[in-house]
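1. predicted model and sequence follow; I will ask about them next.
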Amino acid sequence: MSQSGEYRRSAGDRCLESCPELRKRVLECPACHRKGYRPDLPVRLGENFKAQNIRQYFQPMETDELGFCMTCSRLRARKHL
Ligand SMILES: [Zn+2]
């Protein structure tokens, strides 16, 4: 992982720590621990444009019904074949 990637991740974690309500919007894949926000995140969320902070620190992440990101979901599906 690159230096800037590390920085962005820790900045994102700090953002989540300071805004517990954002945690609900951010998903973490249980397999690869990648974090991303729900694709249905509204443009404006609460006060102070908090949703924009999420967009700055995280990528949108689709998950399957078990909460795995689509990358891990596909890998799991392949392993189970
Ligand atoms: Zn994953």
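-> Right, received. Where do you want to start? Numbers count the residues shown, from 1 in each chain.

2. buried sites along the helix or strand containing E21?
-> Counting by DSSP states H and E, the element that carries E21 is helix 20-23. For helix 20-23, the neighbour count (16 or more other Cβ atoms under 10 Å) marks L22 as buried. Quick note: C-beta positions are derived from backbone N, CA and C, even for glycine.

3. next: stretch 31-46.
-> Judged by neighbour count using 16+ other Cβ under 10 Å, the buried positions of stretch 31-46 are R34, K35, G36, Y37, R38, L41, L45.

4. check stretch 71-81 too.
-> By neighbour count, and taking 16+ other Cβ under 10 Å as the criterion, the buried residues in stretch 71-81 are C72, S73.

5. what does it rub up against?
-> Contacts made with stretch 71-81 from outside it, assessed by Cβ atoms under 8 Å, 6 or more residues apart in numbering, are listed as C29, A31, C32, R34, T63, D64, L66, F68.

6. so does it get close to the ion?
-> Yes - applying Cβ under 5 Å from the ion, one finds stretch 71-81 touching the ion at C72.

7. where's that stretch relative to the chain centroid, distance-wise?
-> The gap between the average C-alpha position of stretch 71-81 and the chain average comes to 20 Å, counting by Cα atoms, centre = their mean, to the nearest Å.

8. from the contacts of stretch 71-81, pick the one nearest A11.
-> Sorting these by distance to A11 puts R34 at the head of the list, at 15.8 Å, by Cβ to Cβ.

9. for the closest one, which non-adjacent residue is closest in space?
-> Closest residue to R34 in three dimensions, ignoring its sequence neighbours and counting by Cβ to Cβ, 6 or more residues apart in numbering: C69, at 5.6 Å.

10. thinking the one you found is in contact with P60, fair?
-> No - between C69 and P60 there is no contact under Cβ atoms under 8 Å: 10.7 Å.
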